[in-house]
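>>> Can you look at this prediction? I've put the sequence above it.
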Amino acid sequence: MRAHEIYPNGGPRIGVYVCHCGLNIAGKVDVHEVVEFAKTLPFVVVAREYKFMCSDPGQEMIREDIREHRLNRVIVASCSPLLHEATFRRVLEQAGQNPFFFQMVNIREHVSWVTEDPREATEKAKALVAAAVRRVIFHEPLQRRRVPVKDHVLVVGGGIAGIHAALTLADAGKHVYLVEREPTIGGHMAMFDKTFPTLDCAACILTPKMSAVAAHPNITLWTYSEVIQVEGFVGNFRVRVRRKPRYVIEELCVGCLQCIDACVYKDARFPDEFNLGLGKRKPIYIPFPQATPRVVLIDPETCIWFKTGKCKRTCLEACERKAIDFEQQERIEEIEVGAIILATGFKTFDARRIPEYGYGKYPNVYTALEVERLVNAAGPTGGEVRLRDGRVPKRVGIIHCVGSRDERFNRYCSRVCCMYSLKLAHLIKERTGAEVYNFYIDMRTPGKGYEEFYDRLLQEGVHFIRGRVAEVTDWAITPEEEGKLIIRVEDTLIGVVRRIPVDMVVLAVGLEPQPDAEEVRRMFNISCSKEGFFLERHPKLAPVSTFTDGIFLAGACQGPKDIPDSVAQAGAAAAEALALIDKGYVELEPNTAYIVEELCSGCKTCISLCPYNAISFDEVRAIAVINEALCKGCGTCVAACPSGAARQHLFEDAQIFQEIEGVLAYV
Amino acid sequence: MSKPKVAFYWCASCGGCEEAVVDLAEEILQVVEAVEIAFWPVALDFKREDVERLADGELAAAFINGAIRTSEQAEMAHLLRSKAQVLIAFGSCSHMGGVPGLANLFDREEILRYVYEEAPSVVNPQRVRPEERIEVDEGMLTLPAFWEGVQTLDQTVEVDYYLPGCPPPVGLIRSALQALLTGNLPPKGSVLAPDVALCAECPRKPTKPERLALKELKRPHQVLIDPETCLLAQGLLCLGPATRSGCGAACIAGNMPCTGCLGPTSRVLDGGAKALSALASLLDATEEAEIERILAGIPDPVGLFYRYSLPASLLHRRVGNGERLREGRSS
């Protein structure tokens, strides 16, 4: 197809603009030569250079030329299209042209920054301009499409990040579905006694927010529930949520807890998940006193009725409101939302993976999270730090970087362990008067008031030994080590190997992605970084966005972070979601794939390849159909379609071949 | 009024295309009724001079099947081109090079050496090879030149239409003749077959799953093939998704996978590469070793993906590495 066949009205009139980008480009590429070369190319009516094409005068130059020279195609040779493609498309639009009659040539990142020889760089720039000229001739006018946006938001995960995001959105008048897997919201923060560095009582600052969630008219709270399916696209997600049976009717239960007292088990005898097994609970229970919603649940694994079918079911009688329902089934709820915030949190590193630290082998080796429960006034020991045998420890060792900054497990720093170790050191010393030793590699205390907190601990007489602990052992070699755990470590500040006998070892375990992060990632169609945390769209400029439009991240599911950072990120994610749904519509880029219906054989090859689940099979017409709103224009289906029926706007075969030939013809 | 004259000719081919014409059965009588056969050496006694005597453009149409490998084939193609108003590449070999085109995996010397010296059935101690010219008592004897490689018809002369298939399906021949006789022809250069892939007319299409993930590739002789289910779903390499329809899925009706004889659709630049990339996307493997294991199910990739189209493809022919290839074959 020849260009004049498509444009009988005189054909394409192309303007080529080559940017100096200060010296970024002009320092390497002979811009003037590129311009003179461009003038010799077919259909090029005007070619110019300018110091900064993206500046206002640069843009105005193009607008003026479009009017004066009746340009109907524009090429700008400058930086990456990621930076300024939108800018220049807008220039075309302002001058009354369809914005897609534009082609950007990247002669900065692709040429001047990466080519040593100025001659070669200039030749490369010319070849790329020649390619763009041939390509842009075959461009077609395209329209952006607008799709309305549902103004409800789904927040997945009811830790502090999810809670904060949900409340922010709800306060802004948006309806929020908050889905939490556990029977209560609160997440890890609900397990802590104090927060660093201010030593605020965690419950005192968290529980008001939990109650606010439960009471908020704009929040639908579904605990003990999991998202099982996500379909649709930005602004129009269809989500299915499984609500597991708690065998207690949520709407009827008022949390009087009389059923728990009435349970045929007189004593609590089953390991209590919320206290990490350090305490006990009954088969009918509430995770902790401020659990939200304050609704009991029955664990069918331990309840005699579920296990044997024989029980007096005294709980039934005890409940005046008839809230207990042994027949309750799981329910599937289906909702439609415009945006989704993932705040699914983290799990702590499994200390058993480092056998030399003795977790699971020596009863007096604890993880930091367990100690959080021990120092918590609402915890299994009422806030007293006691060993499993009831003794109060006199010497305590806290080992930092367990599972973090370690080639064998996770190379990254978990960011919170130094600070929570300081906090626990302070609390243990305060409660027991014990000598507390911190074994650290580097102390990392960047944050408001963090370094000051570290100073305070130094003054309080907590010991700091610099070195990675080699092992924790009960093998005593001196009488004073008898009956103790000995921490062997090279003290790198004094250059000797030391043996520190202690009564209690606390392992400052790092933060890891949730074990099901990969499944969640797949369900929501987002990416994970190599350590398995959810991947943000840009580490600096889009830290709470994902590569899937309309899905945002908050809290530690994106990477280890402390409470202030989680809350800040949750606020940012809420703002992003709000910006999206408040606008009321999304505009879709038209560089999408499409299937020419009469050419599709219905072979289905493309369907499973689409990374965005944008292609479905129309059973009636027996062909594949692309949902343009879901398509991101990756081109996978276009490349794979074995009969060439799948095509893509802005990446038509003619355009690509012309571009390739343009480069080759010049070379 | 005299009837329009047509010619049929064969080059590097097997004779199956001629069979396909005869497969018109009683309809061939209508053809003979409508046209005058001016040249058809396979069926009737004609000589080259009969064609040479025709005026330029005197033939309404010439159908040439077979690929072009010898100087004689090229000469005849040029001769018929000058005499015919419409030249039709008939069948896979003239369309895309066909099975004889697979000879492009070897060069001329390798072929002659193997055929006249190394083949197990050959006894030729003097290593005599055919010569293009040889002086005997009676005078000079000549043979056509055997070229370095195989060409398609349109790499030799300008072609107006293509009737694809190995051999072309009778239905396509019928409608092509109809179009010719009525003058109701598509744009020059068209392939006279539907431009949609075979799955569109495959009776097994509803049984193909939306998400196919193959852990193993099978060949027809290795398995008992279910006669109802999509062959790809059974792990058999069916090229239907990458091949034009128009044959009525004849091979699939015979419980055999499509081998791609009708060639790719008009939008596809290289049918073999397209089929390969589509197939690769169906494999369910992430580990290198797993991929290797699955691909071992394709012992002859060129023979599979370019069975009918090597000379017409971007690859066109193998260059160099002749020695290595021979070693591979003997081992």
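Yep, that arrived.
>>> Nearest to chain B: which residue in chain A?
As assessed by Cβ to the nearest Cβ, chain B sits closest to residue A:644 within chain A, at 2.7 Å. C-beta here means a position set from N, CA and C on the backbone, and glycine is covered the same way.
>>> doesn't that residue fall inside a strand?
No - per DSSP: H, G, I helix; E, B strand; the rest coil, residue A:644 lies outside any strand segment and is coil.
>>> Next, please give the residue ranges for the helices of the stretch 201-350 of chain A.
For the stretch 201-350 of chain A, the helices defined by DSSP state H, counting those that start in this stretch occupy A:202-215, A:258-262, A:304-308, A:314-318.
>>> I'd like the ones you listed laid out as CSV, including distance to chain B.
Shown next, in CSV, are the helices of the stretch 201-350 of chain A (distance: least, Cβ to the nearest Cβ, whole Å):
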stretch, distance to chain B
helix A:202-215, 39
helix A:258-262, 47
helix A:304-308, 37
helix A:314-318, 47
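>>> ok so, going back, unless I'm mixing things up, the residue of chain A closest to chain B is touching residue B:265, no?
Yes - assessed by Cβ atoms under 8 Å, residue A:644 is found in contact with residue B:265 at 5.5 Å.
>>> ok, the residue of the stretch 151-300 of chain B found nearest chain A - contacts?
Nearest residue of the stretch 151-300 of chain B to chain A, counting by Cβ to the nearest Cβ: residue B:267, 2.7 Å away. Residue B:267 makes contact with A:599, A:643-645, A:653, B:195 under the criterion Cβ atoms under 8 Å, 6 or more residues apart in numbering or on different chains.
>>> which stretches of the chain aren't confidently modelled?
Let's take chain A. The model of chain A has pLDDT under 70 over residues A:1-10, A:667.
>>> that's the wrong chain, I meant chain B
Within chain B, the ranges that satisfy pLDDT under 70 run B:1, B:320-331.
>>> need the contact list for residue A:363.
When contacts are counted by Cβ under 8 Å, 6+ apart, residue A:363 touches A:387-389.
>>> picking that back up, burial of the residue of chain A closest to chain B, as a residue count?
Other residues lying near residue A:644 total 21 when counted by other Cβ atoms under 10 Å in any protein chain shown.
>>> do the same with the one 10 residues further on
Each residue near residue A:654 was counted by other Cβ under 10 Å, and the total is 15.
>>> now swap in residue A:265 and tell me
Neighbours of residue A:265 under the rule other Cβ under 10 Å: 18.
>>> Unless I'm misreading it, it sits right up against residue A:282, doesn't it?
Yes - judged on Cβ under 8 Å, residue A:265 makes contact with residue A:282 at a distance of 5.1 Å.
>>> quick one, domains of the chain?
If you meant another chain, say so; for now it's chain A. Taking automatic domain parsing as the criterion, chain A consists of the domains A:3-143, A:258-318, A:346-511, A:592-648.
>>> Chain B was what I was after
The record's domain parsing of chain B by automatic domain parsing lists B:5-100+B:152-182, B:198-299.
>>> Turn the ones you listed into CSV, columns for distance to residue A:664.
Below are the domains of chain B laid out as CSV (distance: least, Cβ to Cβ, whole Å):
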stretch, distance to residue A:664
domain B:5-100+B:152-182, 21
domain B:198-299, 15
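>>> what about the ones you listed, which gets the closest to residue A:50?
For residue A:50, the closest of the domains of chain B is domain B:198-299, at 39.0 Å, according to Cβ to Cβ.
>>> so how far is that closest one off the chain centroid?
Centroid separation for domain B:198-299 versus its chain: 19 Å, with Cα atoms, centre = their mean, to the nearest Å.
>>> So for that domain, first residue to last residue, what's the gap.
24 Å (Cα to Cα, to the nearest Å).
>>> do stretch A:91-104 as well
Using Cα to Cα, the end-to-end distance of stretch A:91-104 comes to 13 Å.
>>> what does chain A put close to chain B?
A:598-605, A:607-609, A:617, A:622, A:639-645, A:653 (Cβ under 8 Å from any Cβ of the partner chain).
>>> circling back: so the residue of the stretch 151-300 of chain B closest to chain A, which of the three states?
Strictly by three-state DSSP, residue B:267 counts as coil.
>>> before we move on, the earlier item: in TSV: the domains of chain A, plus distance to residue A:527.
What follows is the domains of chain A, written out as TSV (distance: least, Cβ to Cβ, whole Å):
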stretch	distance to residue A:527
domain A:3-143	17
domain A:258-318	31
domain A:346-511	17
domain A:592-648	10
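>>> Please name whichever of those is nearest to residue A:157.
Ranking the domains of chain A by proximity to residue A:157 (Cβ to Cβ) places domain A:346-511 first, at 10.3 Å.
>>> Kind regards, and thank you for your time.
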